[in-house]
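Participant: Any chance you can model this:
(one chain, ligands or ions: 1)
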Amino acid sequence: MNVHSPLQSREAAVRMASRDWKMLIDGEWLDGSTQDWLDVRDPATGEVIARAPAGGAADIHAAVAAAKAAFDDRRWLNLGAEERSRRLWRVADLIERDAAKIQAVEQLNNGAPASLAAFFTTYAAKFFRHYAGWCDKINGETIEISEPGAPFHTYTRKEPLGVAGLIVPWNGPFASAAMKVATALTAGCTCVLKPSEETPLSALMLGELLIEAGIPAGVVNIVPGHGHIAGAALANHPDVSKISFTGSTEVGKLIANAATGNLKKVSLELGGKSPSIIFDDADLSKAIPGAALGTFYNTGQVCIAGTRVLVQRSVYDQVVEGMAAVGRSLHLGGGFDPEAQIGPLISAKQLERVSGMIDVARDEGAQVLGGGLPFERGYFVEPTVITNARPDSVVVRDEIFGPVITAIPFDDPEEALSIGNDTEYGLAAAVWTRDIGRSQLIANSIAAGTVWVNCQLVLSPGAPFGGYKQSGWGRENGIEGLHGFMQTKTVMTAL
Ligand code: NAD
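Facilitator: Numbers count the residues shown, from 1 in each chain. Modelled structure (predicted):
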């Protein structure tokens, strides 16, 4: 990936992005029905850099109708597994070919530093490659039925659910969109993708690549729009068989309710308040930066961020000061600042929310290290470590979605587990220790969908990903993710 291409200047990226974008329905690029537009901003400056159409219910209806027609006439499935695999692989090649452009749009519209934007773009290509390999490996099973004197041949088939609605958030927008589209297509579904209103551009760029790769018209439709309008129309649509949603727990519950209309299947990747547990025998030279970056990375706009850092009391002060020092050392800047290690928050609304929560903690008597608003322009907040917060404080209980760690001391493994599990969320957890036995006991007892030992934020397209408790329903990635877009048919033949 060439991170030094000419597009790495903000001016070049603005020239490329600065236009009225269109939505993709049935292979056509359209303005949409509403005459309403989403202002797309650079969060490093707050400036509007482009406009995307704000799709309405009529646009969602048209997109679902196109996806349904494409599913019903089997134009995607009938290509056969080998050809579908070849085209998904081609999408990965095209993502890599256009990586500099995609990356530039993520830097501009998401405020992601170049290295982060490059990681997300590479991950999206990797995801398409992973799933390209699954197309001809979707198998049912034969089942022995024990009916004396009545022989049967019984087998199962895995079949696609139909039209899938894919709703994604703004943190890592290209990768989120690519992951869902790759999985839905591998399962044989057709789909309607609804990107976040904050970051619709890179999802639309994915649409261009899908067409170029030979994904037939109508198989993937992309409708930007407001959540409560376009997102809600998709979640409520009677011809949609599955919603795959990534976003907040609050909206996840709305999606689950909306799904009851036609009992569509729902998978939910939601919020988190993940514990990172540091024991006093850990290699602190790794644990301190690991836990700090486990939250500060992507400015804390990471569902799996380890935002509650639980530290054994004997090393508590050292770890807290170490994480604050990591925070102070990070260079804040916009997506095109070559020194930038962390970027801005996505919007003025998020800046207000994050800084408001820090203020609440301060007013409650907690100690706040960092937490300043360093620049007049853009949505920047300094990395923050909070200590002595009340156990019922919002900074202990709620997802902040900013670069804010709440540090909490503990005395023994039982207390660490008790605090770690004292949350309505269960997306991820980390344990830092040299004691292998203890690490596995904690891993087995912590209520989280992913547990890291002596590392954080590691993801792989093949490793199941999802939440316990109110962090979600279902799993993404690998075969489990694929099965989320499929249903099982049992065929019984009397011989
Ligand atoms: P959000 O829930 O506000 O929005 C997510 C998406 O849902 C957007 O596309 C939005 O337009 C849409 N939406 C909003 N209201 C809707 C409605 N009524 N019906 C249908 N769709 C609607 O979340 P966000 O602020 O964009 O993203 C941040 C959240 O996403 C955080 O809570 C974060 O933890 C979560 N997240 C989870 C994962 C995961 O894999 N578990 C990954 C990334 C982000």
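Participant: Neighbours of Val220, how many?
Facilitator: Here the number of neighbours of Val220 (other Cβ atoms under 10 Å) works out to 29. Every C-beta, even on glycine, is put in place using the N, C-alpha and C of the backbone.
Participant: Show me where this structure dips below the pLDDT cut-off.
Facilitator: Applying pLDDT under 70 to the chain flags the ranges 1-7.
Participant: Work out which residue lies at the spatial centre of it.
Facilitator: Ser176 (4.8 Å; Cα atoms, centre = their mean).
Participant: Quick check: nearest residue in space to it, chain neighbours excluded?
Facilitator: Leaving aside its chain neighbours, Ser176 sits nearest to Val168 (4.1 Å; criterion: Cβ to Cβ, 6 or more residues apart in numbering).
Participant: re earlier: in a helix, the residue nearest to the centre of the chain, correct?
Facilitator: Yes - under DSSP: H, G, I helix; E, B strand; the rest coil, Ser176 falls within a helix.
Participant: Surely it touches Thr246?
Facilitator: Yes - with contact defined as Cβ atoms under 8 Å, Ser176 counts as touching Thr246 (5.7 Å).
Participant: who touches both of these two?
Facilitator: Val168, Pro169 (Cβ atoms under 8 Å, 6 or more residues apart in numbering).
Participant: Around the ligand, which positions in the protein sit nearby?
Facilitator: Neighbours of the ligand within the chain, by Cβ under 6 Å from any ligand atom: 167-171, 194, 196-197, 227-228, 231-232, 235, 246-248, 251, 254-255, 269-272, 303, 399, 401, 427, 467, 472.
Participant: rerun that using 5 Å as the cut-off
Facilitator: Residues of the chain lying near the ligand by Cβ under 5 Å from any ligand atom: 167, 169-170, 196, 227-228, 231-232, 235, 246-248, 251, 254, 269, 271, 303.
Participant: In strands only, show me the residues you listed.
Facilitator: Among the residues of the chain next to the ligand, the residues falling in strands (DSSP state E) are Ile167, Thr246, Glu269.
Participant: which of these lies closest to Glu208?
Facilitator: Ile167 (20.6 Å; Cβ to Cβ).
Participant: distance of the closest one from Val266?
Facilitator: 11 Å (Cβ to Cβ, to the nearest Å).
Participant: Which residue of the two possesses the greater neighbour count?
Facilitator: Shown here are Ile167 and Val266; by other Cβ under 10 Å, Ile167 has more neighbours (26 against 22).
Participant: Can you report phi and psi for the residue nearest to Ser176?
Facilitator: phi -130, psi 160 (degrees, to the nearest 10).
Participant: Contact partners for it?
Facilitator: Val168 touches Ser176, Ala177, Lys180, Leu193, Lys194, Pro195, Ser196, Ala203, Thr246, Gly247, counting by Cβ under 8 Å, 6+ apart.
Participant: wait, doesn't the second one sit right on Ser202?
Facilitator: Yes - the pair Ala177 / Ser202 is scored as a contact, 7.1 Å apart, by Cβ under 8 Å.
Participant: quick one: contacts for the residue nearest to the centre of the chain?
Facilitator: Val168, Pro169, Thr246.
Participant: Nearest to the ligand, out of those residues: which one, please.
Facilitator: Distance to the ligand, by Cβ to the nearest ligand atom, is smallest for Pro169 among the contacts of Ser176, at 3.1 Å.
Participant: residues contacting that closest one?
Facilitator: Ser176, Ser196, Thr246, Gly247, Ser248.
Participant: Now with 10 Å, please.
Facilitator: Contacts for Pro169 (Cβ atoms under 10 Å, 6 or more residues apart in numbering) come out as 176, 195-196, 198-199, 227, 245-248, 251, 269, 301, 303, 346, 401.
Participant: Tell me the spacing between it and Pro374.
Facilitator: 25 Å.
Participant: and Gly306, how many neighbours?
Facilitator: 28.
Participant: what does the one 4 residues further on give?
Facilitator: Other residues lying near Leu310 total 27 when counted by other Cβ under 10 Å.
Participant: Centre of the chain to stretch 61-78, how far?
Facilitator: Averaging C-alpha positions (Cα atoms, centre = their mean, to the nearest Å) puts stretch 61-78 26 Å from its chain's average.
Participant: Could you list the alpha-carbon positions for that stretch in PDB?
Facilitator: Extracted in PDB, the C-alpha atoms of stretch 61-78 (Å, rounded to 0.1, in the frame of the first residue of the first chain):
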ATOM      1  CA  HIS A  61     -38.200   0.600  -1.000                       C
ATOM      2  CA  ALA A  62     -36.600   0.800  -4.500                       C
ATOM      3  CA  ALA A  63     -33.300  -0.600  -3.200                       C
ATOM      4  CA  VAL A  64     -35.000  -3.500  -1.500                       C
ATOM      5  CA  ALA A  65     -37.100  -4.200  -4.600                       C
ATOM      6  CA  ALA A  66     -33.900  -4.400  -6.700                       C
ATOM      7  CA  ALA A  67     -32.200  -6.700  -4.200                       C
ATOM      8  CA  LYS A  68     -35.300  -8.900  -4.000                       C
ATOM      9  CA  ALA A  69     -35.500  -9.200  -7.800                       C
ATOM     10  CA  ALA A  70     -31.800 -10.000  -7.900                       C
ATOM     11  CA  PHE A  71     -32.200 -12.700  -5.200                       C
ATOM     12  CA  ASP A  72     -35.300 -14.200  -6.800                       C
ATOM     13  CA  ASP A  73     -33.900 -14.600 -10.300                       C
ATOM     14  CA  ARG A  74     -30.700 -16.000  -8.700                       C
ATOM     15  CA  ARG A  75     -28.400 -13.800 -10.900                       C
ATOM     16  CA  TRP A  76     -25.700 -14.000  -8.200                       C
ATOM     17  CA  LEU A  77     -26.200 -17.600  -7.000                       C
ATOM     18  CA  ASN A  78     -26.400 -19.000 -10.500                       C
END
